[in-house]
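A.B. asks: 3D model of this:
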Amino acid sequence: MPGATSQRVQTRFWHPFADMHLIADREIVIERGEGALIWDTNGREYVDATAALWYCNAGYGRRDIADAVADQLTRLVGYSSFGAYTTDATLRVADRLAALSPLEDTVVFLGSGGSDAIDTATKLARRYWDVLGRPEKRVIVSREHAYHGMHVMGTALVGMAAMRTGYGAPMVPDVAHVPALDTAAVARLFEERGNEIAAFVGEPVIGAGGVIPPTDTYWPEINRLCREHDVLLIADEVITGFGRLGTWFGTARFGIEPDLITFAKGVTSGYMPLGGVLVGKRVRAPFWDEPVAGAVFRHGYTYSGHSGAAAAALANLDIIEREDLVGRVRTLEPVLDRAVRRLAGAPLVGEIRTIGLTAAVGLAPEVLERDATAPDKVIAAALRHGVASRVLRGHAIHVSPPFVITEDQIDRMVDAIGNALEDVAAAGSPA
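C.D. replies: Down below sits the predicted model:
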């Protein structure tokens, strides 16, 4: 039979970021969740160490969100927001997000997720300069270890070389990269190419690149450099927005002064796909407020302002406010830090980084040099001990649980990771 093979394919789903040679018959199928716990189809229970993918902030099993979405979809599944059309839920979520925004006189552009948001923000930055008569300002500056989604622009901006390899370089022209926390390098680049630079984009805390918090002086200096060289500042808050750092937005924690803020993930706690851009007064002005000829932003998505996603966001934000989950993150931050730092003496462990309700347990460089697969082995062992996690940038164990995790569950999670490290070390991974 044409195309037949002797190997039975277990799945027809092509997993993101996966070597399908290894994954095709080894899927872990998650069936349900409650709070910070999830269960697979074999009935095994796990503490979810990553809130799925940094997003299930309000936790699993939130009937309020599901009911709000069902009610909205029953009345109106959605409608185009192109031109003058929109829905009531879309307007309400835009108002709600504008009220939460740290930017002055915010307007909100909606899409389906974080990658959409980065495409929107960077295109808007370039278009802004174009309508002001400065089309030469096109360069977008990103950082080493940064992650800004996987659309074409996000792939061009990503600060991890492995994620750009094999797609042709550059995928998008006029992109520049600087070291993660080196403001002197940013200053040199701005001095050399300031007239060409449209925007600097950065995560308040580098997330997928390994949970790298800023130094105390980093963001104040970036604020100053962007103002001095007339460069727009884009804060990528896809991970840090809606409470992950103990503030509604990471910009507030670090005193960042952005012109644009991208968001997604925690805005709905993942109950529906939604993302977007908070646009401050400066960038909105030529498109909304000032009579600039031809100032139209010709950009959008089929599901921009989707009413079901808007309903999920509204219900999710109600829960976060009603239960003060942002305050809960502040309470749990030192609890998580103390617990994770117990692993400092565990086998294989190198640097540990924590901030907010987020941590990375890095494996020691000498371990990785001798066995690059050691982090994956730790993740597999952690599953056997009842914790679901993943590897960050090939070197660290990812920790970013739902905000509703209990202190007992934090201890259980960390103990399981410790047991996993011991298992891998005992099995012969170099210590």
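
A.B. asks: make it CA atoms for all contacts and neighbour counts henceforth
C.D. replies: Fine.

A.B. asks: Could I get the full set of strands for the stretch 201-350 of the chain?
C.D. replies: With DSSP state E, counting those that start in this stretch as the definition, the stretch 201-350 of the chain shows strands at residue ranges 232-236, 260-263, 275-279, 349-355.

A.B. asks: Please disregard the earlier target; I meant the stretch 1-150 of the chain.
C.D. replies: Per DSSP E, counting those that start in this stretch, the stretch 1-150 of the chain has strands spanning 30-34, 37-40, 45-48, 107-111, 139-143. These are given in chain order.

A.B. asks: in its sheet, what does the second one sit against?
C.D. replies: The one in question is strand 37-40. Here the strand partners of strand 37-40, with direction, are listed using DSSP bridges: strand 30-34 (antiparallel), strand 45-48 (antiparallel).

A.B. asks: What's the mean pLDDT across that strand?
C.D. replies: Confidence over strand 37-40, taken as the mean pLDDT, stands at 98.

A.B. asks: what does the fourth one give?
C.D. replies: The pLDDT scores in strand 107-111 average 98.

A.B. asks: I'd like to know which elements it is packed against.
C.D. replies: The helices and strands touching strand 107-111, judged by 3 or more Cα pairs under 8 Å, 6 or more residues apart in numbering; DSSP states H and E, are helix 88-100, strand 275-279.

A.B. asks: Residues touching the helix or strand where I397 lies, excluding its own?
C.D. replies: Assigned by DSSP states H and E, I397 falls within strand 396-399. Contacts of strand 396-399 with the rest of the structure, by Cα atoms under 8 Å, 6 or more residues apart in numbering, involve 49-50, 210, 358-363, 375, 379, 389-392.

A.B. asks: out of those residues, which are inside strands?
C.D. replies: Those of these mapping onto strands are 358-363, 391-392, per DSSP state E.

A.B. asks: does the residue found closest to E45 once you drop the neighbours it is linked to in the chain have beta-bridge partners, and which?
C.D. replies: Closest residue to E45 apart from its sequence neighbours, by Cα to Cα, 6 or more residues apart in numbering: W39 at 4.5 Å. Under the criterion DSSP bridges, W39 forms beta bridges with R32, E45.

A.B. asks: W39: neighbour count?
C.D. replies: Neighbourhood size, W39 [other Cα atoms under 10 Å]: 19.

A.B. asks: again with I65
C.D. replies: The burial count for I65: 24, using other Cα under 10 Å.

A.B. asks: how near is the residue nearest to E45 to L332?
C.D. replies: Relative to L332, W39 is positioned 24 Å away (Cα to Cα, to the nearest Å).

A.B. asks: show me the contacts for G246.
C.D. replies: With contacts taken as Cα under 8 Å, 6+ apart, G246 has the following neighbours: 326-330, 333, 356-357.

A.B. asks: Swap in 10 Å and give it another go.
C.D. replies: Remark: with contacts taken as Cα atoms under 10 Å, 6 or more residues apart in numbering, G246 is in contact with 240, 252-253, 325-333, 355-357, 403.

A.B. asks: Please apply the same query to E257.
C.D. replies: Counting by Cα under 10 Å, 6+ apart, E257 has contacts 102-103, 219-220, 222-224, 226-227, 232-235, 251.

A.B. asks: right, and out of these, which lies closest to H15?
C.D. replies: H15 lies nearest to A235 out of these, by Cα to Cα, at 28.6 Å.

A.B. asks: Please name the nearest non-neighbouring residue to the closest one.
C.D. replies: Taking Cα to Cα, 6+ apart as the measure, A235 lies nearest to I261, with 4.8 Å between them; neighbours along the chain are not counted.

A.B. asks: Tell me, how many residues neighbour the one you found?
C.D. replies: Once other Cα under 10 Å is used to define contacts, I261 is seen to have 30 neighbours.

A.B. asks: Just grab the bridge partners of it for me.
C.D. replies: In this entry, I261 is beta-bridged to A235, L278, by DSSP bridges.

A.B. asks: Show me what the next helix or strand after the strand holding I397 is packed against.
C.D. replies: From strand 396-399 onward toward the C-terminus, using DSSP H and E, the following helix or strand is helix 407-426. In this structure, helix 407-426 makes packing contacts with strand 45-48, helix 325-341, helix 374-384, strand 387-388, strand 396-399, judged by 3 or more Cα pairs under 10 Å, 6 or more residues apart in numbering; DSSP states H and E.

A.B. asks: Many thanks, I have nothing further to ask.
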